[in-house]
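Trainee: Coordinates only, no sequence provided:
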């Protein structure tokens with residue numbers, strides 16, 4: 001079996017990339033590709049469906065550290081503190097209705113304003 005070689009993408013070296021849903025399968029894979037491409041990655045996840053273990057080994061595999069922030073995309077105040085300065089945002093968060101999230105909460109998330117209104 002051959003060793004996995006992470007791809008590199010152009011245009012992200014030195015960029016601050018903010019990834020929501022970063023502890024899921026797709027999010028953690030994107031974190032690795034961005035880090036391997038020279039980006040400064042902030043991995044944001046509430047761990048409701050993702051797993052912190054999915055982000056283990058990023059530094060060893062890419063030579064770069066990804067900063068993990070435990071948080072929810074519905075927390076406007078927290079996002080207003082951690083999102084400024086991001087050059088690129090990759091929004092991979094999944095909100096599942098089967099976990100009790102109904103349309104009002106989803107609509108509120110989709111129409112969130114940053115920074116939060118006073």
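Mentor: That came through, no problem. Remember, it's a predicted structure, so these values are computed and weren't measured experimentally. Numbers count the residues shown, from 1 in each chain.
Trainee: helix or strand for the spatially most central residue of the chain, which one?
Mentor: Most central in the chain under Cα atoms, centre = their mean is residue 19, positioned 2.3 Å from the mean C-alpha point. Secondary structure assignment for residue 19, by DSSP states H and E: strand 16-20.
Trainee: same for that strand, what does it pack against?
Mentor: Packing contacts for strand 16-20, counted by 3 or more Cβ pairs under 8 Å, 6 or more residues apart in numbering; DSSP states H and E, involve helix 25-36, strand 40-45, strand 88-91. All C-beta atoms are positioned from the backbone trio N, CA, C, and that covers glycine.
Trainee: Note down every partner strand of it and its orientation.
Mentor: Strand 16-20 sits in its sheet next to strand 40-45 (parallel), strand 88-91 (parallel), going by DSSP bridges.
Trainee: Distance from that strand to the middle of the chain?
Mentor: Chain-centre distance of strand 16-20: 5 Å, with Cα atoms, centre = their mean, to the nearest Å.
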